[in-house]
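>>> pasting a predicted model and its sequence here:
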Amino acid sequence: MISVFCYAFSAVSTLLNRSHHPSDEAGEGVVSSAVAVVIFSALGVAMWFAFRNTMDTATTMVNSQIAQLGN
């Protein structure tokens, strides 16, 4: 007899949980957008440092080549 009540309670509980929709998903898009902005800004900073390093190396090499032309 107890197993029948347990089965009935479980069945009703499952049906109620399936029909329940989350009530508060209003901020999900904002959070996702904020995460995307943080990721893209970190990529931008990394690309800036890579670009600056490449340009510093190129400038050094060009200056050394120009110095050799004068000799």
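Alright, I've got the coordinates. Numbers count the residues shown, from 1 in each chain.

>>> so where's this protein uncertain?
1-2, 4-9, 11-27 (pLDDT under 70).

>>> how about the helices in it?
Assigned by DSSP state H, the helices in the chain fall at 2-19, 28-70.

>>> need the ones you listed in CSV (columns: mean neighbour count).
To be clear about C-beta, it is placed using only N, CA and C from the backbone, and glycine gets the same treatment. Listed next are the helices of the chain as CSV, based on neighbours: other CB atoms under 10 Å:
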stretch, mean neighbour count
helix 2-19, 9
helix 28-70, 10
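
>>> which residues does residue 28 contact?
By CB atoms under 8 Å, 6 or more residues apart in numbering, residue 28 lies in contact with nothing.

>>> how far away is it from residue 41?
In this view, residue 28 and residue 41 are 21 Å apart by CB to CB, to the nearest Å.

>>> now residue 35
In terms of CB to CB, residue 35 sits 11 Å off from residue 41.

>>> CA atoms only for stretch 44-57, dumped as CSV, please.
This file holds the C-alpha atoms of stretch 44-57, laid out as CSV (Å, rounded to 0.1, in the frame of the first residue of the first chain):
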residue,chain,number,x,y,z
GLY,A,44,42.1,42.7,-28.2
VAL,A,45,44.7,43.3,-25.5
ALA,A,46,46.6,40.2,-26.5
MET,A,47,46.5,41.2,-30.2
TRP,A,48,47.8,44.7,-29.3
PHE,A,49,50.8,43.4,-27.4
ALA,A,50,51.6,41.0,-30.2
PHE,A,51,51.3,43.8,-32.8
ARG,A,52,53.4,46.2,-30.7
ASN,A,53,56.1,43.5,-30.3
THR,A,54,56.2,42.8,-34.0
MET,A,55,56.4,46.5,-34.8
ASP,A,56,59.2,47.0,-32.3
THR,A,57,61.2,44.1,-33.8
